[in-house]
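*Asks:* what would the 3D arrangement of this be:
(3 chains)
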Amino acid sequence: MMNDKNSQKIVDIIQNWARKHSIWVLAYGTGCGAIEIPPTMTSRYDAERLGVRGAATPRQADVLLITGYLTVKTMKRVIRVYEQMQDPKYVIGFGSCTINGGMYYDSYNTIKVLDKYLPVDVYINGCMPRPEAVLSGFAQLQKRIAEGRANGAQQYKDNLEWYRANQKKIIPNWIMPEYNW
Amino acid sequence: MEMIHIIFLIFLGGAVLTYFAGKVSKVLQDIFFLLSVLVPAYLFFANVGIGKEVTLTLGGITLVWGVNHFSWLFSLIVLGLGSMAAIYAIGYMKGKERKGYFYFNFILSIMAMMGILLSLDLVSFFVFWEIMTWSSYLMTVYNGHETQRIGIKYFVFSAIGAYAMLMAIVIVHHVAGSFMIGSMINFYPNMSLSLQIWIPILFLMAFGVKAALMPLHVWAPDAYSNAPMAYTSVFSGALSKMGIYGMVIVLVTMINQIPQGFWFREVIAWLGGITAVLGTLWAIKQDDAKKLLAYSSVAQLGYIIVGIAIGTELGMLAGLFLAVMHALFKGTLFMVTGAVEKQTGTTNFTEVTGLIRKMPWTFFAALFSIIALAGIPPLGGFVGKWMLYEALITSNHYLLVIVIFFSSTAAFLYCYKFLFGFFLGQEEKEWAHVKEAPVVMLVPMIIMSVLMFVLGTFPGLILKPINSGLVDLGYIDTFKHLWNTSIIFNAWGDHVVLQPILYYIIAIFVFFALFLTWKGHKTTRYVTTKDISSSGEVPAEDENLTFSVGFMQPFLRAVAPAMRRQIDKYYTGIADGLESLFEFMRRIYTGNGQTYAVYVIVFVVVVLLFKSVLF
Amino acid sequence: METVLMDILGAVVTFLVAFVVGMTYGGLSRKITARVQNRKGPPWYQNFIDAFKLGFKKSAIHHGVMHHLGGAFLMVSSVMTLMIVPVLSHNNWFPNLNFQGDLIFLLYIMTFGPLGMALGAGQTGNPNSAIGVTRGLSQMVGFEIPWVLALVALMIQYHTTSITGLMAAQAHSGTWLMFSSPFAFIAAVMAMLGMFRYSPFDIVGAPTELASGPVSENGGKYLFVMMSSGSVFTFAKLTLYVDLFMGGADNLLILLVKTFALYLIPMLYGMTTPRYRTEQAVRWFWGWPSFFGLLAILQAVIF
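*Replies:* Below is the predicted model of the structure:
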């Protein structure tokens, strides 16, 4: 008879394996990066062979893909979408703009560091990142999921107040339902 | 004094007493009303034996009343639904004006229907038929002046039907020398061919109006939707069945006896089929629950007419079973609509949404009756539909079965529209105050839902009286041959065993319901209907995203050519034509003395001028 | 008692087989689509991974009781269909209830699930769901006409409304119904295109337009149940077609070959066609498919 810890470990491995090979992406086309998604998904690069597939609504999605710069106005919607996704969920920051603002580093209405507002699991660098880079980003995410290290959602839950404070700082009229899990 | 006489006396006395009791106390009025419906119902089922006949001589005419198995079946519909609707009406009419008027006409309608069913002679049949028409007409115009036009439409059609019937009765009396229905039937084979054809046609006109058979149905949608809902459940559920009752008698006892009868029945069956299709299509289009249900009633009566018109044993069973089911589910649906109307003040789908959490029991009743209406197992509607299809297929009506199937598949669209429009969709602040309907209204709905459920598994309970009624009419006994307590057969011996199917459905449903509930129950949350994935937007409190305007538009676009013509428009055209004719006549007969003087002068002048020619 | 237990065990086995086969077919369809589009495509077991992942989702939300039970309604419909359709002839491991229902019953129980599911979708309050439902129901009215025409043709030709009766008729005459009643087969296959909701009849859950329509508020376990139900239903429908038109199957291998051959029709047709609007789809079904259905009835009446 195995003890609980070991059986839990085996279950975790199976679960993570399934999660790793089935990644449903909600591609939130915030900026110019959205143009790199079609080539990634279609015949030339074919992300579906890795189990990566588009999802239509946040309820079904596993990964929120922030493609490029994120204006303050869009920020609110992105937060909403992220909070509507079901656990476990991951965020991929796509392009330089999500890392440090990129070419919009001095813009008044885009956010600079995505990590301050949403728990990013994997960043994909580049301006634009080519489909190869996007695929490698997904591979990186898969690796992290398999190792059980892609726990951004947990981080968000634990540090909700800090994230909320950051979010409220840039969004003036905050009318949002409470984050209820 | 015979029990049947006492029953009618209670009805009449109760109606008058109820009317005047309102002057004393509202509660007393309610009690009188309930008693004058429920007591006769109890007395009838407890004390009146089948096969009993009583006579009453009034002014030289002998009126004969009696019960046979067939009229007992319809009495079950009338008194059963009548009692339920009466209980419901107490809650529905609370706080409304002109309660005495409503109660009086309600009781009179029930009495008239019972009178029609018990009449064995044509005179009392006709008299009760007229009382029924009058009381239902008065109910149609209950809501005031705007409804006058609608009332007139209903009344004109009823009057045409009634005169047709009166004509037939006079002819029958002339040739047969008796007002008895039995002697008319016995004399029928000896009539001349033209009479053999015309008398059923005249009777069918009268019955077709009440059964809303196309093209005599145009009054139905308006009249059903404008009467108070507590009455409409009887109006659509039981009163229209009087037309079916008459039709069955005419079809079975008269038309079946002549060789031309086959074409008669084919024509009526096809009219029924077309009624079903058009009723369904128009029901899909309606945005008002009352109208939707009214058109749906027309369509459902179409199925019943198809069943009784093809006239095989299975067809008759199907038609009559559907008649009982229709009384149950359409009665319930009109009650549901009434409950929603009472609690929210409107029955428009584009205004009311998301009542499911506020009125759960009403939703439950609506769900059951919709499942029954759509004919989905394991509820009773399925049994009727199944028997109807099998009857059509086994009696070589291949195209009619497609027509009926189309109509009943398209019925899903308005079924869904009804449930979605009232109960599903986003919950709105505007309706946050809505409470569940009062218990007195809920109880009849729930009882009828449970009955539908029981009949879906044990249709034999109601097929037994239907069978006895059919045996009375001269059909063979079909017990164990076409039906058993919970098995239904077709003429080829294929069958559906309903009981295990119910258990399987329940087992599968419960298993997966438990699975869905148990799995991850700690992390499953209820969220409001405002918390939906709408492109990251948060709908504001007063922002309503429910999709309810132009609900079935894609389908309606596909069937648009079939709906371009409306029979109503032709009637309006005829009416307009007649009106202009009379207008022209009125220009001649102006009612002005001087004009008439001119006419006289002109006439004299003409006579003088042409006297050589004329004389 | 023992027979009841055996029946329950057999039902579970049937369900599992249907689940596995349906899921595999779904995966193969994705693979084949990918190959046609000159992609490598996901592995054939991708649908299993997706389903298990959905099952392993930690949290879930629902908008009320009808939404919560939508999947259960759907499952009733697909499992009942599976139980009514004879999976294999002469095999104890696949008991079925065919002696307790017939084709008309089957037609109606097949609509039980979609309607229950539609109620669930309605309760979410998401307008996309309701729009998807109206499209789905309209399309259903469309394809039911040729489908019923075909079935009625078969019924009147062989004077039976039960599936086993039709299978017996095929066994007796030695030819499959798809050859002896070709028009009925054509009409039924055309109706099948709509039943499987592949392109061009996939406007119901158009992902970019309606955000996947009726299921747009379902995630996690709810989507898992719906996906499983869809797989089981796919298998049940294909088996029904095989029973009706291809004489049934004696063992699992033959059944798989026949069902997969049938499954290729809507799949391959879907790859080559763009999407119809709802009213176009409905009218398409009332055009040529219904014409073939009428021909089938004519054939059944005359011969």
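*Asks:* CA only for contacts and neighbour counts going forward, please
*Replies:* Fine.
*Asks:* packing partners for the one helix or strand C:Ala236 maps to?
*Replies:* C:Ala236 is part of helix C:220-245, with elements assigned from DSSP states H and E. Secondary-structure packing of helix C:220-245 (3 or more Cα pairs under 8 Å, 6 or more residues apart in numbering or on different chains; DSSP states H and E): helix C:2-36, helix C:46-56, strand C:60-62, helix C:65-84, helix C:163-173, helix C:177-180, helix C:252-271.
*Asks:* run the last query once more with 6 Å
*Replies:* Contacts defined by 3 or more Cα pairs under 6 Å, 6 or more residues apart in numbering or on different chains; DSSP states H and E place helix C:220-245 against helix C:2-36, helix C:46-56, helix C:65-84.
*Asks:* give the buried residues for the last one.
*Replies:* When you say that, I think you mean helix C:65-84. Buried residues in helix C:65-84, counted by 16 or more other Cα atoms under 10 Å in any protein chain shown: C:66-84.
*Asks:* any idea of the mean pLDDT in stretch C:112-119?
*Replies:* Stretch C:112-119 shows a mean pLDDT of 84.
*Asks:* repeat that for stretch B:398-408.
*Replies:* With pLDDT averaged residue by residue, stretch B:398-408 scores 89.
*Asks:* tell me if it is near chain C.
*Replies:* No. On the criterion Cα under 6 Å from any Cα of the partner chain, stretch B:398-408 is out of touch with chain C, staying 6.5 Å away.
*Asks:* residues near the residue of chain A found nearest chain B, how many?
*Replies:* Relative to chain B, the nearest point of chain A is A:Arg77 (4.3 Å; Cα to the nearest Cα). If you count neighbours by other Cα atoms under 10 Å in any protein chain shown, A:Arg77 ends up with 18.
*Asks:* shouldn't it be in contact with B:Ser534?
*Replies:* No. Counting by Cα atoms under 6 Å, A:Arg77 does not reach B:Ser534; the two are 9.7 Å apart.
*Asks:* near chain B, which residues of chain C?
*Replies:* Residues of chain C lying close to chain B (Cα under 6 Å from any Cα) are C:59-63, C:72, C:76, C:100-101, C:108, C:122-125, C:127, C:138, C:141, C:278-279.
*Asks:* go with 7 Å
*Replies:* Taking Cα under 7 Å from any Cα of the partner chain as the contact definition, chain C meets chain B at C:58-64, C:69, C:72-73, C:76, C:100-102, C:104, C:108-109, C:112, C:122-127, C:130, C:134, C:137-138, C:141, C:145, C:149, C:159-162, C:217, C:278-279, C:282-283.
*Asks:* show the buried residues in those.
*Replies:* Among those, those classed as buried by 16+ other Cα under 10 Å are C:58-64, C:69, C:72-73, C:76, C:100-102, C:104, C:108-109, C:112, C:122-127, C:130, C:134, C:137-138, C:141, C:145, C:149, C:159-162, C:217, C:278-279, C:282-283.
*Asks:* inside strands: which ones of those residues?
*Replies:* Assigned to strands by DSSP state E, the following of those qualify: C:Ala60, C:Ile61, C:His62.
*Asks:* have a look at chain B and report its longest helix.
*Replies:* Secondary structure of chain B read by DSSP state H shows that its longest helix is helix B:313-344.
*Asks:* show me what that helix packs onto, helices and strands only.
*Replies:* helix B:69-92, helix B:229-234, helix B:289-310, helix B:360-374, helix B:380-394, helix B:439-457, helix B:460-473 (3 or more Cα pairs under 7 Å, 6 or more residues apart in numbering or on different chains; DSSP states H and E).
*Asks:* compare those helices and give me the one nearest chain C.
*Replies:* Taking Cα to the nearest Cα, helix B:380-394 is the member of the helices and strands packed on helix B:313-344 nearest to chain C, at 6.7 Å.
*Asks:* can you tell me the centre-most residue of chain B?
*Replies:* B:Ser236 (2.7 Å; Cα atoms, centre = their mean).
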